[in-house]
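Enquirer: Fold the following, please.
(2 chains)
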Amino acid sequence: MTGINDWIDREVKGNDVVLFMKGTPQMPMCGFSGQVVFMLEKLGVTYKGHNVLSSEELRQGIKEYTNWPTIPQLYVKGEFVGGCDIVREMFQSGELQTLMTDKGVPVAVS
Amino acid sequence: MNPSNARPRIDRIRDALNQTFQPATLDVVDDSSSHAGHAGASASGETHYLVTIVSQAFAGKGRVERHRLVNAALSSEFSSGLHALALKVKAPGE
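Expert: Numbering: from 1, shown residues only, chains lettered A, B, ... in the order given. Next up is the predicted model:
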């Protein structure tokens, strides 16, 4: 494993909910990342955001880590959930909230 | 010039998806102009697409697996400047 791969692995396994995105939760730099931030905020989930634009190594590394070519990427309890389209579908159907609850992640729907 | 670059990307995307999945429905829209100027958008466009695809190939498969199959079919496009796909991937009857 490379250094960045180890680092990503520790991040996604050491935090309940991790979002790799462009920009920050306070200032998303891409509409797709911004949509996922909006949905996580709606669910009232505590999450850790990582800005892939801050590091080219991270930006490439995260694509290779989970064999997924695009950003954003959402992880819950170490498991890759999906990108913007999948997260949106699951949010709209209620599955995202169910997933969080099933995995023991507190939600506070606003 | 790479021969695969001789045709517009939208045509190459359609060809690759038709060949790989024999879809019942395939709709590809170039949405690059909506993203002009943001990080990852190039001056020539051809970076952002909306894809709706319905194929038997996706029956019984989960969301992540479906998207991975589509992404894999378009891997040469991702490595040549394709930046974002908004995907709706369904099996017939869904």
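Enquirer: how far is the helix or strand containing A:Lys42 from where the chain is centred?
Expert: Using DSSP states H and E, A:Lys42 sits within helix A:31-43. Computed by C-alpha atoms, centre = their mean, to the nearest Å, the chain-centroid distance of helix A:31-43 equals 10 Å.
Enquirer: Give the buried residues for the helix or strand just after it.
Expert: Per DSSP H and E, the first helix or strand lying C-terminal to helix A:31-43 is strand A:48-51. Neighbour counts using 16 or more other C-beta atoms under 10 Å in any protein chain shown place A:Gly49, A:His50, A:Asn51 of strand A:48-51 among the buried residues. In short, each C-beta sits where N, CA and C put it, glycine included.
Enquirer: Run through the helices of chain A in chain order.
Expert: Under the criterion DSSP state H, chain A contains helices at A:3-14, A:31-43, A:56-65, A:84-93, A:95-102.
Enquirer: Contact residues of chain A facing chain B?
Expert: A:22, A:29-32, A:53, A:67-70, A:80-86, A:89-90 (C-beta under 8 Å from any C-beta of the partner chain).
Enquirer: Low-confidence bits of the chain, can you list those?
Expert: No chain in the question, so chain A it is. A:1-2 (pLDDT under 70).
Enquirer: My question was about chain B, not that one.
Expert: B:1-5, B:36-44.
Enquirer: quick one: the helices in it?
Expert: Under DSSP H, chain B gives helices at B:9-21, B:63-73, B:75-78.
Enquirer: The shortest one close to chain A?
Expert: Yes: figure legend: helix B:75-78 in contact with chain A (C-beta under 8 Å from any C-beta); contacting residues B:Ser75, B:Phe78.
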